[in-house]
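A.B. asks: Pasting the sequence and the predicted coordinates here, then a few questions.
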Amino acid sequence: MKMIRFIITRLRMRSIRQIIGRITSILLRYEMSTESFQSILKSFAIFSNHFGIQPTFPVTATVVKRHPVIFQKLQATGVEFAVHGFRHVDYTQLSNYQIQSHYHQAVQIFKDLNLNPSGFRFPFLRRNQTTLKLLADSNIKWDSSDVIAWTFNKPEYTNPLNWKSYLQILETYQAQLIQDLPSLPHKDYGLIEIPVSIPDDDILFERLKVIPATAKLIWLNMLKDVRSRSELLTLQLHPERFPLFKYPLQSVIIKAKKYGDCWIASLGEICKWWIEKDHFQATLSQIKEGEFNIQFTCSDRGQPMLRQTDPDGNNIWLHCEKQLKIKSEKKPIVGIPQSCPENLKKFLADEQIIFEITECSKSTNLYINWQGPFLDIQKRTLLKQIQNCKYPLIRFSRWPKPYTFCLAITGDIDGIDLWDYWSRFHG
Ligand SMILES: [Zn+2]
């Protein structure tokens with residue numbers, strides 16, 4: 001009965017073909033002995049150390065329990081772990097009691113084995129408001145299950161059926177498109193949600209059947225795009241496919257380092273930064289008419305910024321001192337009325353754009369009197385409105401000094417050997 005219910009659920013998600021395909025391909029490629037997977041994980045860890053990066057591997061707790069030494073050794077090399085469910089099941093199908101019990105048992109398994117899970121990722125990236133709220137209640141600091149789909153050209157050799165399969169997975173993941181939604185962490189119920197980017201190795205290889213050379217081009221374009229947006233690229237490479245995608249990943253890391261302004265961070269570090277900058281603030285005082293004194297208070301990693309007009313007449317954000325005097329007719333901040341939707345206020349706070357709640361539309365350099373609800377897909381519209389402001393505004397940079405955008409490397413571990421994968425299939 002359990003198996004039938006599972007298959008029905010997965011069929012509804014239109015992914016049973018992919019699951020069977022994945023198990024078969026794992027079986028054919030790696031034989032999936034504990035030793036072979038262990039050596040792949042070791043290679044991934046050595047590769048990461050070589051490039052000075054810390055990948056984040058979400059692992060299912062039952063898998064950790066079956067192979068504790070592998071994960072303890074891996075943790076000693078500097079890898080960061082997150083919980084990828086107690087078992088690899090769809091949490092939206094469980095009762096509240098079951099969800100809470102799974103969270104609790106999973107964290108306990110990690111703790112008992114002296115492993116420190118930094119955050120959480122839902123199996124199949126399936127989550128809803130209830131699962132997130134319960135996760136926040138269980139003291140887990142971050143989740144990385146929101147999905148941002150990046151734009152790329154369909155490879156010429158990808159057949160229509162495979163492309164259709166890709167579009168289906170976007171639906172299953174409830175993915176948001178990068179042109180609609182900024183790829184940035186945000187706070188929900190006190191939980192830091194760090195979106196993961198697609199296409200990942202799973203989509204590229206299993207669904208679109210692309211060769212690693214094409215994957216490299218797609219990922220490099222995503223990196224270029226994220227830099228132009230000053231946002232976050234959370235690149236997912238499931239460790240089991242590390243031998244296949246090592247060079248595309250290496251190209252991305254080398255390029256990111258060459259840029260010189262990319263913060264390559266683990267998801268745990270990103271979460272810490274998001275919490276750290278929560279305490280940043282700016283104090284304004286008017287010296288005289290048309291002149292303000294600004295005092296930014298932030299940690300050493302904080303970067304105060306001032307939006308001003310450069311000599312060519314362009315409005316740009318520039319780094320500035322923590323203490324400065326500026327000439328401005330009105331307060332160099334954003335004003336919003338109390339009636340503005342709460343999630344808009346939350347978005348501005350997450351964005352570190354300095355704003356005040358005021359009913360006086362003439363006291364600030366930009367006044368946003370948002371009408372109606374504030375939808376996620378309107379975030380870019382709001383940012384554009386701020387970007388178009390011709391007068392000085394202040395904020396803190398999204399990323400710590402001296403970086404302008406962020407790259408994180410992550411990869412879910414659903415199993416170490418075939419037994420783990422078979423157990424996963426059973427749900
Ligand atoms: Zn998984």
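C.D. replies: Yep, it's here.

A.B. asks: what's around W163, how many residues?
C.D. replies: Per other C-beta atoms under 10 Å, the neighbour tally for W163 reads 14. Every C-beta, even on glycine, is put in place using the N, C-alpha and C of the backbone.

A.B. asks: for the one 10 residues further on, same thing?
C.D. replies: A total of 21 residues lie near Y173 under the criterion other C-beta under 10 Å.

A.B. asks: Relative to P199, how far out is it?
C.D. replies: Look at Y173 and P199: by C-beta to C-beta, to the nearest Å, they are 11 Å apart.

A.B. asks: what are the ranges of the helices in the stretch 201-350 of the chain?
C.D. replies: According to DSSP state H, counting those that start in this stretch, the stretch 201-350 of the chain carries its helices in the segments 201-202, 212-229, 242-259, 267-276, 342-351.

A.B. asks: Am I right that K401 is in contact with G302?
C.D. replies: Yes: contact criterion C-beta atoms under 8 Å: K401 and G302 qualify, at 7.1 Å.

A.B. asks: out of the two, which sits in the busier spot?
C.D. replies: A count of neighbours by other C-beta under 10 Å puts G302 above the other of K401 and G302, at 20 against 13.

A.B. asks: For the more buried one, which residues are in contact?
C.D. replies: Taking C-beta atoms under 8 Å, 6 or more residues apart in numbering, we find G302 in contact with K277, F280, F296, F396, S397, P400, K401.

A.B. asks: any idea of the pLDDT on it?
C.D. replies: Here the pLDDT value assigned to G302 is 96.

A.B. asks: for K246, what are its contacts?
C.D. replies: Taking C-beta under 8 Å, 6+ apart, we find K246 in contact with S43, F47.

A.B. asks: just to revisit the earlier point, hey, what's in contact with both of K401 and G302?
C.D. replies: By C-beta under 8 Å, 6+ apart, no residue touches both K401 and G302.

A.B. asks: tell me which residues in whatever helix or strand L161 lives in are buried?
C.D. replies: Assigned by DSSP states H and E, L161 belongs to helix 160-173. Of the residues in helix 160-173, N162, S165, Y166, I169, L170, T172, Y173 count as buried by neighbour count, 16 or more other C-beta atoms under 10 Å.

A.B. asks: which one among those residues gets closest to the ion?
C.D. replies: Nearest to the ion, judged by C-beta to the ion, of the buried residues of helix 160-173 is Y173 at 12.0 Å.

A.B. asks: before we move on, back to that, and the contacts of G302 as a markdown table, adding pLDDT and distance to the ion?
C.D. replies: Putting those into a markdown table (pLDDT from 0 to 100; distance: C-beta to the ion, whole Å) gives the following:
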| residue | pLDDT | distance to the ion |
| --- | --- | --- |
| K277 | 94 | 30 |
| F280 | 95 | 35 |
| F296 | 97 | 42 |
| F396 | 96 | 35 |
| S397 | 96 | 33 |
| P400 | 97 | 30 |
| K401 | 94 | 35 |
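
A.B. asks: taking those residues as a set, which two sit the farthest apart in space?
C.D. replies: F296 and P400 (14.4 Å; C-beta to C-beta).
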